[in-house]
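Student: Provide a 3D model corresponding to the input given below.
(chains A, B and C)
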Amino acid sequence: MNIASVIVDVPAKQTDKPFDYRIPEGWLGTIVPGMRVVVPFGPRRVQGFVVALKDHSEFNKLREIHEPMDLVPVLNKELLELGNWLTDHTLSFKISAFQAMLPAALKAKYNKKVKLAQGVSIEELPEGIHHYFEGGQSIGWEDAVKGGLVPVLQKEAAAGNVEVLYEVRERLGKKQIKFVFPLLSQDELRLALEEISPRAARQKDLLEYFIEHPDPAEARKLVGDSGFSPSAIKGLVDKGLLGEKELEVYRDPYEDREFPKTEPLKLTFDQHTAIAPILSSIEENRHEVFLLYGVTGSGKTEIYLQSIQEVIEEGKEAIVLVPEISLTPQMVERFKGRFGAKVAVLHSGLSAGEKYDEWRKIQRREVKVAVGARSAIFAPFENLGIIIIDEEHETSYKQEEMPRYHARDVAIERGRKHKCPVILGSATPSLESFARAQKGVYSLLKLPDRMNNQPMPEVEIVDMREELRSGNRSMFSRKLFEKMEDRLEKKEQIVLFLNKRGHSSFVMCRDCGYVMGCPHCDISLTYHRRNEQMKCHYCGYESRVPLQCPECLSEHIRYFGTGTQKVEEELGKLLPHARVVRMDMDTTGRKGSHERLLKEFSEGRADILLGTQMIAKGLDFPNITLVGVLSADTMLHLPDFRSSEKTFQLLTQVSGRAGRHELLGEVVIQTYTPEHYSIELAGSQNYDLFYQREMMNRKVHKYPPFFYLAMVTVSHGELMKAVSVTEQITAFLRARVSEEAVVLGPVASPIPRINDRYRYQCLVKYKREPALGENLKQVLDRYQKEDGSGGLQVSVDLNPYLLM
DNA sequence: AGCACGCCGACT
DNA sequence: GTCGGCGTGCTC
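Tutor: Have a look, this model is predicted:
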């Protein structure tokens, strides 16, 4: 077994297969599957993943692995297999699948540089470049390019005077802290103490300290807190009495936080009924998918917690997925409060280093529970006892880059492997999941009532057209405004929700209606208040905010700012005494500000919480008795077959923020289309009816869950090329699917141009096409290699969420 | 992805 | 005659 099959870090069609390498003698037995290695690849060096060991290779001239990057495999057997599964199910490259399963910090960084060849003296080089190589220095390739040195260096390289070096480095060093510790026993140290010259008083002090505290001490603390001098330490180290070592330490993002310990709550009757099948599935090591359908405030989290408790008692581990935005401290607090240090938290608010450290805790078996966003589904546990996906319907569980996986699918695959239950929890399940539960593929568990039999909040829908007709031009309906005044009077709290997805903050000329667009993409530029810039979210183009309309030279430029900002201003005018906390991208940009703002609100230092999407979920404050949705229909008219479903879910979720405890809650939903069923039924909180209505819609239009989707997106710098290739692909697929399937296209993508590339797509709706995967692979084979820089790009998304 | 190899136009 | 354009194909 001295040959390793390696998947190299080169995401391209032609390199998406294992390459064989000889394992150097010294590493035999050490290098095992799942490890990252540095291998020579052509003239360069790249990172690779060992996927298998073998004795023989088809190739006879194998090169050697340069060096391992890990001492312990970063992917275990199950995750390696899961990587293959991911590749098959998303048609992505193997390397992309592996990278997706690991924290970003483990992705390699590449460095190319030029140094003087061995045995060559600097005098042999042309004089002009001497100074780059003085004293054994080397020059980075990028600097060489910038300095126009490439031709000279190439010539020298050909002559053998310099060599090109390819470095593979870790993206990030492990955080290390220097510790000092005694090398001898206490008694020996006492003897040594006698030997120290009386003039070295500081060294004596330090030695006495170590005689009393023989444990390793942090060097920095010895110097800082205890006042020892670095020279004293050095003196004793030189005498061979003390040793120094670097120890890896974790960055613990929650280090300074205290989490009050909580105890399991007594379950209600409904909760009992719901948790029983989960517990027996855990005990019997049986894979089963449960859809936990419980209204907002029905106590789903307690069911999660107690199921996990059981899993831990069985000596197993748990993964809990939560949507990115709701990973509010509240959720973390509940898990940390119950399971303390057994919990690792993985979410986007952490730095790359912090995420890596949390991941390491899982890898080293130091925690039992991983709570995190989408990618936490790959937590490297070996003995999973349960996987929980909270707010199962959330679209953020679908990754929109390669590999385009859905965390729910990965969860079920892992659950199958580990023979453990998967819990999908939601107050508004996705149609896909609910349909599966109806068919008996998933087991349905219901929590129809709120805990303590608290009634669902009273919801009122206000027609804003009426308001306008009767002369109210403000953004608050009279009804909502009255209720707000009332709550302020009673010192109860209000949540105001502004859905601004669709048209976020753009700039428009009030005279001619000109909207600033990106010159490279067919999309409007977004206004960034922070640096007063207009930015394109798709290609990164930036420009100054114009003072004059570029079209008609008018100076009446209007900022359709963050929306929330405008509401805040208006609140300031209408209710000057109200204390408002605003939460949106602008105010939560900095790390920790999210947490801080919520704290401010929860401690009652504010009356009104005003925000976007991010406040729709997971908030649970007893004093909220009024929720206002300022305009319910902003997302209803997006070109997306799920827009009704998303609207319904969002409105239901926001409504659920009100009256969760003793006080009754009220909700006011303002809309311009009150007759739309998703708004009407969110108003009456009737999921079942909504489900039926929406299912009919989906059936008629052949959308999920009745049909699966596969989308091919083609982009090219020339419009005609993009169209013609999409045409070819559409024809190819059309000829290869059954009559039942529908192949749509070519159509321009909803964003027809990004980064000066025209985008066309082909959508396949199908029920059962066993050969479709193979056919799509062929499409990729045929077109992906034509992929030049200005050339063609073809991508496939199986079960797309964004049709863009 | 890089990088080398290889075959056709405008220049010292 | 050569330098250099980027099309094609390879990397164990």
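
Student: Can you report how many residues neighbour the residue in chain A positioned nearest to DNA strand B?
Tutor: Scanning chain A for the residue nearest DNA strand B gives residue A:12, at 3.5 Å (criterion: CB to the nearest atom of the strand). Using the backbone N, CA and C atoms, a C-beta is placed for each residue, glycine as well. Look at residue A:12: counted by other CB atoms under 10 Å, it has 12 neighbours.

Student: In terms of helix, strand or coil, where does the residue located most distally from the centre of chain A fall?
Tutor: Among the C-alpha atoms of chain A, the one most distant from their mean position (CA atoms, centre = their mean) is that of residue A:198, at 60.2 Å. In the three-state summary, residue A:198 is assigned as coil, counting by DSSP: H, G, I helix; E, B strand; the rest coil.

Student: Can you name the residues that contact residue A:781?
Tutor: Listed by CB atoms under 8 Å, 6 or more residues apart in numbering, the contact partners of residue A:781 are residue A:13.

Student: Can you get me a residue count around the closest residue to DNA strand C within the stretch 251-400 of chain A?
Tutor: Proximity to DNA strand C, evaluated over the stretch 251-400 of chain A using CB to the nearest atom of the strand, is greatest for residue A:399 at 25.8 Å. Around residue A:399 there are 17 other residues, counting by other CB under 10 Å.

Student: Residue A:396 now?
Tutor: Summarising burial for residue A:396: neighbours were counted as other CB under 10 Å, giving 17.

Student: Would you confirm that it contacts residue A:321?
Tutor: No - when contacts are counted by CB atoms under 8 Å, residue A:396 is not listed as touching residue A:321 (9.8 Å).

Student: Now list whatever residues contact both of these two.
Tutor: Taking CB under 8 Å, 6+ apart as the criterion, residue A:396 and residue A:321 both touch A:373-374.

Student: got a list of contacts for the longest strand along chain A?
Tutor: Determined from DSSP state E, the single longest strand within chain A is strand A:742-754. For strand A:742-754, the surrounding residues in contact (CB under 8 Å, 6+ apart) are A:520-523, A:538-539, A:639, A:702, A:707, A:712-715, A:723, A:726-727, A:729-730, A:733-734, A:737, A:758-766, A:803-804.

Student: Pairing partners for the next helix or strand after it, with directions?
Tutor: Toward the C-terminus, strand A:742-754 is succeeded by strand A:757-766 as the next helix or strand (DSSP states H and E). Here strand A:757-766 is paired, per DSSP bridges, with strand A:708-716 (antiparallel), strand A:742-754 (antiparallel).

Student: for the record, mean pLDDT for the first one?
Tutor: I take that to be strand A:708-716. Per-residue pLDDT values over strand A:708-716 give a mean of 93.

Student: Any residues of the stretch 151-300 of chain A in contact with DNA strand C? List them.
Tutor: Residues of the stretch 151-300 of chain A lying close to DNA strand C (CB under 7 Å from any atom of the strand) are residue A:151.

Student: just for the stretch 151-300 of chain A, where's the confidence low?
Tutor: Counting by pLDDT under 70, the stretch 151-300 of chain A shows low-confidence ranges at A:172-176, A:246-254, A:256.

Student: What are the boundaries of the helices in it?
Tutor: When assigned using DSSP state H, counting those that start in this stretch, the helices of the stretch 151-300 of chain A occupy the ranges A:186-195, A:201-212, A:219-224, A:230-238, A:269-283, A:300-313.

Student: just those: most buried one?
Tutor: Each of the helices of the stretch 151-300 of chain A was assessed for mean neighbour count using mean count of other CB atoms under 10 Å. The highest is helix A:300-313, with a mean of 21.

Student: picking that back up, just the buried ones out of the contacts of strand A:742-754, please.
Tutor: Neighbour counting with 16 or more other CB atoms under 10 Å marks A:520-523, A:538-539, A:702, A:707, A:712-715, A:723, A:726, A:729-730, A:733, A:737, A:758-766, A:803-804 as buried within those.

Student: which residues touch the residue farthest from the centre of chain A?
Tutor: By CB under 8 Å, 6+ apart, residue A:198 has no neighbours at all.
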